[in-house]
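Participant: Can you look at this prediction? I've put the sequence above it.
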Amino acid sequence: MNERQIHLAAHFPGVNNTTVWSDPASGSHIDFASFVHLAQTAERAKFDFFFLAEGLSLREHAGHVHDLDVVGRPESFTILAALAAVTERIGLMATLTATYHEPYELARALGTLDHLSDGRAGWNLVTSTDALTGRNFSRGGYLDYGDRYVRGRELLESATQLWHSWAPGDLVADPATGRFLARPDAGAFAFHGEQVDIEGRFTLPRSPQGRPVVIQAGDSADGREFAAEHADGIFTRHGGLEDGRAFYADVKSRMQAYGREPEELLILPGVTFVLGDTDEEAREQAEIVRRQQVSGPTAMVFLEQLWNRDLSEYDPDGPLPDIDPIEGESTIAPGSIPARSFTGRRQATADEWRAEATAEDLSIRDLMVRRAARQTFVGSAATIADQLDLHVQTHACDGFILVPHITPAGLDRFADEVVPLLQERGSFRTEYEGTTLREHLGLARPWPGAG
Amino acid sequence: MTKNLHLTVGLAGAGWHPAAWREPGARPGELLTARWWIDQVVEAQEAVIDLVTIEDALALQSSDPDGPDDRTDATRGYLDAIVLAARIAPATRGIGIAPVVTTTLTEPFHVSTQIATIDYVSDGRAAWLARVASSHWEAAHAGRRGLPSREVLRAEGAEHVEVVRRLWDSWEEGAEIRDAERHRFVDRSKLHHIDFDGERFRIRGPSITPRPPQGQPVVLATEPGLGADLVLEDLVVFLDDDEGGAVGRRDRLDALHPLGPGVDVFTGTPSGLADVLEERPPTRLLPAAIPHDLRAITRGVVPELQSRGRVPRSYAAGTLRERLGLGAATNRYAA
């Protein structure tokens, strides 16, 4: 057996251009059967957990609902609860944003899922800020950057206190003695912070994992520090070998200050894959997928996210625009993270893109395919197994959150062809050994009880 | 021909009597398990009960309306009813499932997408019992302080229900077109902002979740004024084959822990309850002890009503809405 075991998660294809809905094999993103298929495939392959992202408003571009990608999704946590009925061992994790959920409600939902799945619940904590989403909630508006981490921290700390507000033996329920509770104040809590100010009694007795598994998505310095102190894992974008190793070393080195061991936090990049019978066939297939993921209209949307202006007069198969971008906050796609990420460097980036396109004679779409298509692992099953193992054995990560591009069967071949190779190498489990998600992830100790 | 009665049963832990967990047959150590809940819902399903509600609150049960009590001898604790309803749905068929969710301390956007999702995973069997919370200590759990009057809270509740309903309509049927030629996944003209602008809620929409199978999942309430499809009157029931047995059981439980004021109670035989139900307005039956009084409903009251031709012997095809005779839900935004 290899020294380091790979951890694997299955991400239900997302509401973005990575997901190829135009393929004839693409099924429903709404019907429960699609979720069941992917979750059961991942469980058959002994994955650590199944993963769902969250989105609390429809994406917009240029004042309209963005309709080029998949639009619409069920509520993630409700789906996970239903999946607990049709799976037995696999972990069930979803993103819940700290911004639009309240701690009492969130801790109850996660704790209830943990009870009803016998300890398989997980939470990907994000702190979103998005004016469009704010308009769907009574609290409205959104938090500025500094307040987001205050809120994320307070939400996690208050939820952790709620999860620990019942001691393991508080629920007695012994008819012979007539004692239901061990103590009259079971569930008592009080949290007084800047953003969270609550107190009283929690309704939910201690769940199997105590604190459900908590991972954090966010690669910034603040995000890394937060994770090093509080999280069981990080969902990162650093899926390459070199950037992965640097990220891995950085995050793990931050943990010592909090009295934590490196293996108490898992680095899990989100990655895609294109699998072929041979490496060459996979490369050809990958090129087809890239052009499905970035159609002409999608290329123009990406371009407008940088240019921050209407470019509908331009042809995606022609050269880049000669007009310049409009600097400043994104007005064309106010809810879009990529659009916002260009703020302050729109002109410089546009100059760079134009130079690259001119030098290599690329059309708008060619350049956007190169820039925007996410493909991490391409090859035969043997090649992909080699690469995955190399990343983990050389400390670029502890495992992967795999994002198939086809719903719901996009993981089938991976489960059938790649997983057995990883198992032969001794790098991945052939059976579940534990029952809880913490156990699958090798998080031996329960999260310490809150003071 | 007389109209069918619709039967709704409220499920709550070991039953509605605070001492019910001490009864023979209770499984008080299992109240937080999926197995316990599915067993009770399947018991109701085998009797073709139309609907079960799943009790919940953002505060522990208490004999004191103003705060927690210090009792250690009564059922305490709630699972989140929405998560529980979703966990139950794939393990059941035919029966409607209604989590109890407050309008006072939740966001309508979340409630709308959660109930819609239960409707998807149950193939059109989702309902919601909308409940107004008016205790200050429950509100403090959600960080809400200084609750207004009950009348204002009811008006807020009506706004909440209206927002949830508009969000369900915000996607027209057939909005997902998957037009690969034109690169369009949806027909944007079939997605609608709801632009609700009320006293408490100001919500834009559209929903993230396409219109659920029922169009409008069934909204229930136990008080008027919320815009529910059905308003149910609660009735706690103690049932035994002879009336004296039921009275004796109630006295025994009340001696351990009084049921408390302000609840309608029926104590008697299943056929006696069948007589009462034929005359009463729509009722939510609250079994005092589970499984005892639930089984008396499913194995006593229901067969009696079936023999009188007042309730069906199997579930009719279609959605919960259709079975309850509520008619098709028209979409307010459809052209």
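Facilitator: Here it is on my side, so go on. Numbers count the residues shown, from 1 in each chain, chains lettered A, B, ... in the order given.

Participant: for the record, mean pLDDT for stretch A:19-32?
Facilitator: Taken as a whole, stretch A:19-32 carries a mean pLDDT of 95.

Participant: do the same with stretch A:187-195
Facilitator: Stretch A:187-195 shows a mean pLDDT of 96.

Participant: Same question for it: list its buried residues.
Facilitator: By 16 or more other CB atoms under 10 Å in any protein chain shown, the buried positions in stretch A:187-195 come out as A:Gly187, A:Phe189, A:Phe191, A:Gln195. To be clear about C-beta, it is placed using only N, CA and C from the backbone, and glycine gets the same treatment.

Participant: Residue ranges in the chain under the pLDDT threshold?
Facilitator: Assuming you mean chain A. Across chain A, the ranges flagged by pLDDT under 70 are A:1-2, A:140-143, A:373-374, A:449-451.

Participant: Chain B, not that one
Facilitator: Low-confidence segments of chain B, defined by pLDDT under 70: B:1-2.

Participant: switch to 50 and redo it
Facilitator: By pLDDT under 50, the low-scoring segments of chain B are B:1.

Participant: helices or strands up against the longest helix seen in it?
Facilitator: In chain B, with assignment by DSSP state H, the single longest helix is helix B:150-169. Applying 3 or more CB pairs under 8 Å, 6 or more residues apart in numbering or on different chains; DSSP states H and E, one finds that helix B:150-169 contacts helix B:108-121, strand B:127-131, strand B:196-197, strand B:218-221.

Participant: does the longest one come close to chain A?
Facilitator: Yes. Against chain A, helix B:108-121 shows contacts by CB under 8 Å from any CB of the partner chain at B:Pro108, B:Phe109, B:His110, B:Thr113, B:Gln114, B:Ala116, B:Thr117, B:Ile118, B:Tyr120, B:Val121.

Participant: picking up where we left off before, what are the buried residues along the longest helix of chain B?
Facilitator: Buried residues in helix B:150-169 (16+ other CB under 10 Å): B:153-169.

Participant: again, but for stretch B:277-285
Facilitator: Quick answer for stretch B:277-285 (16+ other CB under 10 Å): B:Leu277, B:Thr283, B:Arg284, B:Leu285.

Participant: ok, which pair from these is furthest apart?
Facilitator: Greatest spatial distance among those (CB to CB): B:Leu277 and B:Arg284, at 11.3 Å.

Participant: Next up, the contacts around the residue of the stretch 201-335 of chain B found nearest chain A.
Facilitator: As assessed by CB to the nearest CB, chain A sits closest to B:Arg204 within the stretch 201-335 of chain B, at 4.0 Å. B:Arg204 sits next to A:Arg135, A:Asn136, B:His193, B:Ile194, B:Asp195, B:Phe196 when contact means CB atoms under 8 Å, 6 or more residues apart in numbering or on different chains.

Participant: Of the residues you listed - the most surrounded one?
Facilitator: With neighbours defined as other CB atoms under 10 Å in any protein chain shown, the most crowded of the contacts of B:Arg204 is A:Asn136; it has 27 neighbours.

Participant: Not counting sequence-adjacent ones, nearest residue to that one?
Facilitator: Closest residue in space to A:Asn136, ignoring its immediate chain neighbours: B:Phe109 at 4.7 Å, by CB to CB, 6 or more residues apart in numbering or on different chains.

Participant: surely that neighbour meets A:Leu56?
Facilitator: Yes. With contacts counted by CB atoms under 8 Å, B:Phe109 reaches A:Leu56, the gap being 6.8 Å.

Participant: So which of the two has more stuff around it?
Facilitator: It is B:Phe109, of B:Phe109 and A:Leu56, that has more neighbours when counted by other CB under 10 Å, with 27 against 23.

Participant: how many other residues sit next to the residue in the stretch 351-451 of chain A that chain B sits nearest to?
Facilitator: In the stretch 351-451 of chain A, the residue that lies nearest chain B is A:Thr407 (11.9 Å; CB to the nearest CB). Residues within reach of A:Thr407, counting by other CB under 10 Å, total 25.

Participant: Surely it is in contact with A:Pro13?
Facilitator: Yes. Between A:Thr407 and A:Pro13 there is a contact under CB under 8 Å: 4.5 Å.

Participant: what is in contact with B:Phe109 and A:Leu56 at once?
Facilitator: Common neighbours of B:Phe109 and A:Leu56, using CB under 8 Å, 6+ apart, are A:Asn136, A:Phe137.

Participant: ok, how many other residues are close to residue 16?
Facilitator: All of this is about chain A. Look at A:Asn16: counted by other CB under 10 Å, it has 16 neighbours.

Participant: not quite, I wanted chain B
Facilitator: The tally of other residues near B:Trp16 (other CB under 10 Å) stands at 26.

Participant: name the element the closest residue to it other than its chain neighbours belongs to?
Facilitator: With CB to CB, 6+ apart as the measure, B:Leu286 is the residue that lies nearest to B:Trp16, at 4.4 Å, once sequence neighbours are left out. Remark: B:Leu286 resides in strand B:283-287, with elements defined by DSSP states H and E.

Participant: Other residues contacting that strand?
Facilitator: With CB under 8 Å, 6+ apart as the contact definition, strand B:283-287 has outside contacts at B:7-12, B:15-16, B:53, B:222, B:232-237, B:239, B:277, B:293-294, B:296-297, B:301.

Participant: Quick one, which of those residues are buried?
Facilitator: Using 16+ other CB under 10 Å, the buried members of these are B:7-12, B:15-16, B:53, B:222, B:232, B:234-237, B:239, B:277, B:293-294, B:296-297, B:301.

Participant: Surely A:Leu265 and A:Ala227 touch.
Facilitator: Yes. Using CB under 8 Å, A:Leu265 is in contact with A:Ala227, at 6.4 Å.

Participant: Between the two, which contacts overlap?
Facilitator: Common neighbours of A:Leu265 and A:Ala227, counting by CB under 8 Å, 6+ apart, are A:Gly233, A:Ile234, A:Val251.

Participant: Backbone dihedrals for the first one, please?
Facilitator: Which is A:Gly233. Geometry field for A:Gly233 lists phi and psi as phi -170, psi 170, criterion degrees, to the nearest 10.

Participant: number of nearby residues for it?
Facilitator: For A:Gly233, the neighbour count with other CB under 10 Å is 28.

Participant: Roughly how far does the residue nearest to it when sequence neighbours are not counted sit from A:Leu437?
Facilitator: In this structure, A:Gly233 finds its nearest non-sequential neighbour in A:Ile215, 3.7 Å apart by CB to CB, 6+ apart. To A:Leu437, A:Ile215 is 10 Å away according to CB to CB, to the nearest Å.

Participant: Give me the common contacts of those two.
Facilitator: Counting by CB under 8 Å, 6+ apart, the shared contacts of A:Ile215 and A:Leu437 are A:Met93, A:Gly122.

Participant: re the thing from before, show only the entries of the contacts of strand B:283-287 found in helices.
Facilitator: Checking those against DSSP H, those in helices are B:Leu277, B:Asp293, B:Leu294, B:Ala296.

Participant: Which neighbouring residues are in contact with residue 264, exactly?
Facilitator: Went with chain A since none was named. Contacts of A:Glu264 (CB under 8 Å, 6+ apart): A:Asp232, A:Met255, A:Leu443, A:Arg445.

Participant: Oops, wrong one, chain B.
Facilitator: Counted by CB under 8 Å, 6+ apart, B:Asp264 has contacts B:Glu233, B:Asp234, B:Leu235, B:Val236.

Participant: Include distance to A:Ala81 when you put these into a markdown table, please.
Facilitator: Listed next are the contacts of B:Asp264 as a markdown table, based on distance: CB to CB, whole Å:
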| residue | distance to A:Ala81 |
| --- | --- |
| B:Glu233 | 30 |
| B:Asp234 | 27 |
| B:Leu235 | 30 |
| B:Val236 | 29 |
